[in-house]
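> what follows is a predicted structure for the sequence shown.
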Amino acid sequence: MKTIKNQRLYVGMMAVALMTVTVLATSVSHTEFKPGEIWTDTNGVPINAHGGGILYYNKVYYWYVEIKTGKTRLPESNRSWGGTRVETVGVSCYSSQDLYNWKYEGNVLPALQDDPNHELYISKVLERPKVLYNRATKQFVMWMHIDSQDYALAHAGVATSDSPKGPFRYVGSFRPDGAMSRDMTVFMDEDGKAYLFHASEDNATMHISLLTDDYLKPAGRFVRVFEGRSMEAPAVFKHQGRYYLIASGCTGWAPNAARSAVAESIWGPWKELGNPCRGPDEEVTFRGQSTYIFAVADKPGTFILMADRWNQKDLSDSRYIWLPVTFTDNGFEVHWQASWRLEN
């Protein structure tokens, strides 16, 4: 009996210890950004958030992202450029009020496991999800890169939801204005007009397409910019009446020097400004690649660059680089900081 009681006492103590660890894990609170380090959500689980973008709605930030999990493999069709992949899982959403601490809201656009012909089937490509809120239709509209495993489809996809937390309903995909579309982002101007920036023409030239008033498709007006420059991973923002862009060259998963540009009109002309990165590994964008730039609410002139630090051999262990944008007389810069906080 004594042995049994001791065992029960031991089991009870272990249960209390596990509960304590769980409580500690769920009560993790971050107070600063640490670029490139593992970032956990409010449950203490590493955030799985790649190629994403930010929506600010009703005083809450929503972070929409690619889920990368499972075994990393190299399909034969991508062997020439080292295009490793994991099976597509879907698009996750995280929410936050302070940008440091993120609550996992779930998979808001799941991939399909039972229909090989569907564009959201697990073997196909779903990348760089971005969400806009349409004030007129009261719909949340997600744009994303949709492709075949060998990247030959080159489509932009659209999904909609009544809530920022999803679920999103897949509408379909197409080539915007009849042109190829791979890496992309969306940008909404102060007047409510929205635009799609996307790598086109086999990534050689970027296209900017005006979207219809419901944000569901191109409106028919577009412009070709950075002709022959082979740019991808575009991120766009506006400050004091000027439009700014950051993007990367096309080197697969390998990092390269970031590029930046400025324009007085969204339609251009766009003037390239060079690499805005400053600090260790600036020549390879701090070993990352741009994905989005957003304004911090209630802090005029404060913008954050979001970048992915891809791990080609283990994509699920790719990390995130968030850094503040600094404005200069000629444009903007992004300085490396191992840790940093937003100013009060």
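Okay, I see it. Numbers count the residues shown, from 1 in each chain.

> what comes up buried for stretch 205-222?
The neighbour-count check on stretch 205-222 (16 or more other CB atoms under 10 Å) flags Thr205, Met206, His207, Ile208, Ser209, Leu210, Leu211, Tyr215, Leu216, Lys217, Pro218, Phe222 as buried. Where you see a C-beta, it was placed from the backbone N, CA and C, and this is true even at glycine.

> can you put these in a markdown table and add pLDDT and secondary structure?
What follows is those, written out as a markdown table (pLDDT from 0 to 100; DSSP: H, G, I helix; E, B strand; the rest coil):
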| residue | pLDDT | secondary structure |
| --- | --- | --- |
| Thr205 | 98 | strand |
| Met206 | 98 | strand |
| His207 | 98 | strand |
| Ile208 | 98 | strand |
| Ser209 | 98 | strand |
| Leu210 | 98 | strand |
| Leu211 | 98 | strand |
| Tyr215 | 98 | coil |
| Leu216 | 98 | coil |
| Lys217 | 98 | coil |
| Pro218 | 98 | strand |
| Phe222 | 98 | strand |
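
> closest one of the residues you listed to Arg85?
Sorting the buried residues of stretch 205-222 by distance to Arg85 puts Met206 at the head of the list, at 24.0 Å, by CB to CB.

> is it true that the closest one touches Phe226?
Yes - the pair Met206 and Phe226 qualifies as a contact (CB atoms under 8 Å) at a distance of 4.8 Å.

> quick one on the thing from earlier: go through the buried residues of stretch 205-222 and name the one nearest Asp298.
Distance from Asp298 was checked for each of these by CB to CB. The minimum falls on Tyr215, at 25.3 Å.

> so who does the closest one touch?
For Tyr215, the set of contacting residues under the criterion of CB atoms under 8 Å, 6 or more residues apart in numbering consists of Leu132, Asn134, Thr137, Gln139, Val141, Val186, Ala194.

> and the closest residue to the second one other than its chain neighbours, how far is that from Ser92?
Read that as Asn134. Leaving aside its chain neighbours, Asn134 sits nearest to Tyr215 (5.1 Å; criterion: CB to CB, 6 or more residues apart in numbering). Tyr215 sits 21 Å away from Ser92, taking CB to CB, to the nearest Å as the criterion.

> could you do Asn58 as well?
Distance of Asn58 to Ser92, given as CB to CB: 20 Å.

> pull stretch 192-201 out as PDB, backbone CA atoms only.
C-alpha atoms of stretch 192-201 as PDB (Å, rounded to 0.1, in the frame of the first residue of the first chain):
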ATOM      1  CA  GLY A 192      -9.900  53.000 -51.100                       C
ATOM      2  CA  LYS A 193      -8.600  52.000 -54.500                       C
ATOM      3  CA  ALA A 194      -6.700  48.700 -54.300                       C
ATOM      4  CA  TYR A 195      -3.800  47.400 -56.500                       C
ATOM      5  CA  LEU A 196      -2.100  44.100 -57.200                       C
ATOM      6  CA  PHE A 197       1.700  44.100 -57.600                       C
ATOM      7  CA  HIS A 198       3.000  40.900 -59.100                       C
ATOM      8  CA  ALA A 199       6.000  39.400 -60.800                       C
ATOM      9  CA  SER A 200       5.000  38.600 -64.400                       C
ATOM     10  CA  GLU A 201       6.500  37.600 -67.800                       C
END
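
> quote the end-to-end distance of stretch 48-68.
End-to-end distance of stretch 48-68 (CA to CA, to the nearest Å): 7 Å.

> which parts of that stretch are buried?
Using 16+ other CB under 10 Å as the burial criterion, the residues of stretch 48-68 that qualify are 48-55, 61-68.

> ok, the most centrally placed residue in the chain - contacts?
With distances taken as CA atoms, centre = their mean, the residue of the chain nearest its centroid is Gly52 (1.3 Å). Contact partners of Gly52, counting by CB under 8 Å, 6+ apart, are Trp63, Tyr64, Val65, Glu66, Arg128, Pro129, Lys130, Thr291, Tyr292, Met306.
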